[in-house]
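> What follows is a predicted structure for the sequence shown.
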Amino acid sequence: MTSGTDRTTSYLLIFVIMTVFSHPGIAADLSTQSKSYASSVMNPASAGQSSLSEARENLSLAFDAYREGDLERTRTQLNAAGESLQKARDNSKSEKARDETSKLASEIEDFKTRLSQHDTKQENSLARFWLRATSIIKRETEQLIQDYVELSNAEKMLKHLLDAKMHFFTAEHDLFISHDAEDAGKELTRTLDYLDKASELPVPAMQPQIESLSHDIQSLKESLTSVKQSWINDSVIQSLDKALNDLSSVDNHAPPAFKLRVESIQADIRMLRDNVARENIRNKYESAMTTLRNMINEL
C-alpha cells in the first residue's frame, strides 16, 4: 500500500508534468522547452520517464547542433538519445510506450546514416523525433496517473483512447509544421485503429462519441488526399475560387500593361486560399482533439 507521503509526492510529480505539457511546442522552441522540462522532473519517481526526458533533451541538442552545421555534435547527441531510449524501453510501464520507444530508436539509427543531407526535410525529421519523444512521455505520464486512479470496467477503453491520443498528437506536427501528408495519414490511421479497438468494448455510454470522433478524424484524413478536398464547400473558399476564375478570364484578355498586375493578384488570392484551407484543417484537428481529451476525462 502506498503511504500518504509517497502518494502526495506522486501527485505533485503528475501535476508538474501535466503543467509542462499543457502547451505543446514546435520545432523553433525545442531547446527552451526541453531544458524547462528537464529541470522540472528531478524526482526519479519513474525511471522510464527519466530516461525519456533525457532522450528528449538530447534530441533537442541534436536539433540545435544540426541547425548550426555541426554534424559531429549532432551524431553524438543522437547516440546519447538512442542510449536513453533503450533505457526507457527497459523501464517503461506501458507496453505501447515500449513499442513506440523501440521504433523511435530504430528510426534515429537510420536517420544517422543520412546526416550529410543538410536540408529542410532533415530538420523536420529531427523535430518530429523530438515531438514523438514528447508524445511517448505524455503516454507514460498518463499511465502513471492510471496507477493512482481506481478504474472501472472502462480501463481497457481508457488505454485505447490514450494510445489514440498519442498518435493524434504526433499527427499535429505532420499537419501543421512539416506539412507531410504521408506521415500525417499514417498517424491518423493509427489513431483510428485505436478508436476502433475502443469501440469494440462494452461501454455503451461512450459508443456514440467514439463513432462521431472516428467520423471526424476520417474526414480529416480524407481531406489530405481528396481531389475535391473536403473543405471545398466552405463559402470563403468558394468565393476565392470564383475570384480566381474571374481573374483568369480577365488575364486572357488583358493588355500586356495589366497582365502582370492581374497575375500578381492571382498569386495573392491563391496564397490566401491555401491559408484559409489550412486553417479549416486546424479547426477540425483542434475540435477532434478537444473531443478526445473530454472522452478520456469522462473515463
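Yep, that arrived.
> isn't Arg273 right next to Leu240, touching?
Yes: between Arg273 and Leu240 there is a contact under C-beta atoms under 8 Å: 4.4 Å. All C-beta atoms are positioned from the backbone trio N, CA, C, and that covers glycine.
> Flag the shaky bits of the stretch 1-150 of the chain, pLDDT-wise.
Across the stretch 1-150 of the chain, the ranges flagged by pLDDT under 70 are 1-49, 116-121, 141-150.
> per the record, what domains does this protein have?
Using automatic domain parsing, the domain parsing of the chain gives 1-149, 151-299.
> Kindly reformat those as TSV containing mean neighbour count.
Shown next, in TSV, are the domains of the chain (neighbours: other C-beta atoms under 10 Å):
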stretch	mean neighbour count
domain 1-149	18
domain 151-299	16
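> Mind checking the pLDDT average for stretch 278-292?
Averaging pLDDT along stretch 278-292 yields 87.
> neighbouring contacts of that stretch?
Stretch 278-292 has contacts (C-beta atoms under 8 Å, 6 or more residues apart in numbering) with 161, 164-165, 168-169, 171-172, 175-176, 209, 212-213, 216-217, 219-220, 223, 231, 234, 237.
> Return the subset of these lying in helices.
Using DSSP state H, 161, 164-165, 168-169, 171-172, 175-176, 209, 212-213, 216-217, 219-220, 223, 237 are the members of the contacts of stretch 278-292 that sit in helices.
> For Val250, which non-adjacent residue is spatially closest?
Closest residue to Val250 apart from its sequence neighbours, by C-beta to C-beta, 6 or more residues apart in numbering: Val262 at 5.6 Å.
> pretty sure the one you found is touching Leu247, no?
Yes: contact criterion C-beta under 8 Å: Val262 and Leu247 qualify, at 5.8 Å.
> Please enumerate the strands of the stretch 1-150 of the chain.
Taking DSSP state E, counting those that start in this stretch, the stretch 1-150 of the chain contains no strands at all.
> tell me the contacts of Glu182?
With C-beta under 8 Å, 6+ apart, Glu182 has no contacts at all.
> Off-centre distance for the strand or helix carrying it?
Here Glu182 is covered by helix 181-199, with elements defined by DSSP states H and E. The chain centre lies 12 Å from the centre of helix 181-199; the measure is C-alpha atoms, centre = their mean, to the nearest Å.
> tell me the contacts of the residue nearest to Val250?
Residues near Val262 by C-beta under 8 Å, 6+ apart: 247, 250-251, 254.
> okay if I get these as JSON lines plus secondary structure, distance to Arg132 and pLDDT?
Output for those, formatted as JSON lines (DSSP: H, G, I helix; E, B strand; the rest coil; distance: C-beta to C-beta, whole Å; pLDDT from 0 to 100):
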{"residue": "Leu247", "secondary structure": "helix", "distance to Arg132": "43", "pLDDT": "81"}
{"residue": "Val250", "secondary structure": "helix", "distance to Arg132": "48", "pLDDT": "74"}
{"residue": "Asp251", "secondary structure": "helix", "distance to Arg132": "45", "pLDDT": "70"}
{"residue": "Ala254", "secondary structure": "coil", "distance to Arg132": "50", "pLDDT": "71"}
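> just those now: which is nearest Phe129?
Leu247 (43.1 Å; C-beta to C-beta).
> Going along the chain, name the helices of the protein.
Using DSSP H, helices in the chain cover 4-20, 30-40, 47-67, 71-91, 95-112, 120-146, 155-176, 181-199, 207-225, 235-253, 256-298.
> any idea how far the residue nearest to Val250 lies from His253?
Note on Val262: its distance to His253, by C-beta to C-beta, to the nearest Å, is 10 Å.
> same question, Lys87
From Lys87 over to His253 (counting by C-beta to C-beta), the distance is 69 Å.
> Over to Ala105?
Taking C-beta to C-beta, one finds Ala105 at 61 Å from His253.
> Likewise for Leu299?
Leu299 is 63 Å from His253, by C-beta to C-beta.
> With Leu52 instead?
63 Å.
> Repeat that for Leu175.
Taken as C-beta to C-beta, the span from Leu175 to His253 is 40 Å.
> Leu85 too?
Distance, Leu85 to His253, by C-beta to C-beta: 62 Å.
> How about Ser135?
Going from Ser135 to His253 by C-beta to C-beta gives 54 Å.
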